[in-house]
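Asker: give me a model of this one.
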Amino acid sequence: MMMKKSLLITLVLANLMSGRLQATNYPSGNVSFTGEIMVSTCNFMLGASNPIVFSPLAPGDFGGINQGPWQGFDISFGNCPPNVTSLDLMFSGTADANNPQAFANSTTSGSATGVAVYLGSGNGVSGIPFTPNQPTTNSPITIDPLSGWGAMGVFAQLIQTTIAEPTPGTVTAYATVNVVY
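Answerer: Below is the predicted model:
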């Protein structure tokens, strides 16, 4: 009889423990992990001195709002990976308060007022503007698949942004080139 009681107690305990384990349900879910393996990037080269220097001007040399001298230069990319066939540029920086399509002149002591720097692709007469902080996808740079090189002609134009003539002073505008692959 002792053996039957031991067996019965063992069976009851096993049944209780198995019920307890079954009653404890842990929530489950899925976790996703994503990533991207990037190819190496292209080398960036500016085909002009940095900074781009405009010749000295008198306030009356501009000729009105959004007018002023321009200077051309090239932006080149080399040693691009074989799978990079084109790329776009975005220039980021502070937009001018009077002309948001141009980059603002510095506001430090001694800076000229009423001027900004306008950037575009092409030759200064026609081209596609590079509006500050806006991606430009309508003027991609084509990369030669055999050499891995490509270039774009760019112009910087020092423009008058107010009805009044610019005040004398220094001009310093900043633009960061962002490459969109």
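
Asker: determine the longest strand present in this structure.
Answerer: strand 150-160 (DSSP state E).

Asker: surely G114 is in contact with I159?
Answerer: No - counting by CB atoms under 8 Å, I159 is not a contact partner of G114; they are 9.6 Å apart. In this view, the C-beta of every residue, glycine as well, is placed from N, C-alpha and C.

Asker: so for these two, which sits in the more crowded spot?
Answerer: Summary of the neighbour comparison: G114 and I159, criterion other CB atoms under 10 Å, with I159 having more neighbours (24 against 20).

Asker: isn't that one up against A102?
Answerer: Yes - I159 is within contact range of A102, at 6.0 Å (criterion: CB under 8 Å).

Asker: now do the shared contacts for those two.
Answerer: Shared contacts of I159 and A102, defined by CB atoms under 8 Å, 6 or more residues apart in numbering, are found at A116, V117, Y118.

Asker: beta partners of the last one?
Answerer: According to DSSP bridges, Q157 are recorded as the beta-bridge partners of Y118.

Asker: distance check, S92 against T131.
Answerer: As for S92, its distance to T131 is 10 Å (criterion: CB to CB, to the nearest Å).

Asker: all strands for this protein, in order.
Answerer: Residue ranges of the strands in the chain, as given by DSSP E, are 43-46, 70-78, 86-92, 103-104, 115-121, 141-142, 150-160, 176-180.

Asker: picking up where we left off before, out of the shared contacts of I159 and A102, who's nearest N43?
Answerer: Ranked by distance to N43 (CB to CB), these are led by V117 at 25.0 Å.

Asker: residues contacting the residue nearest to the closest one when sequence neighbours are not counted?
Answerer: With CB to CB, 6 or more residues apart in numbering as the measure, A173 is the residue that lies nearest to V117, at 4.0 Å, once sequence neighbours are left out. Listed by CB under 8 Å, 6+ apart, the contact set of A173 reads G93, F103, A104, N105, S106, A116, V117.

Asker: that concludes my questions; thank you for your assistance.
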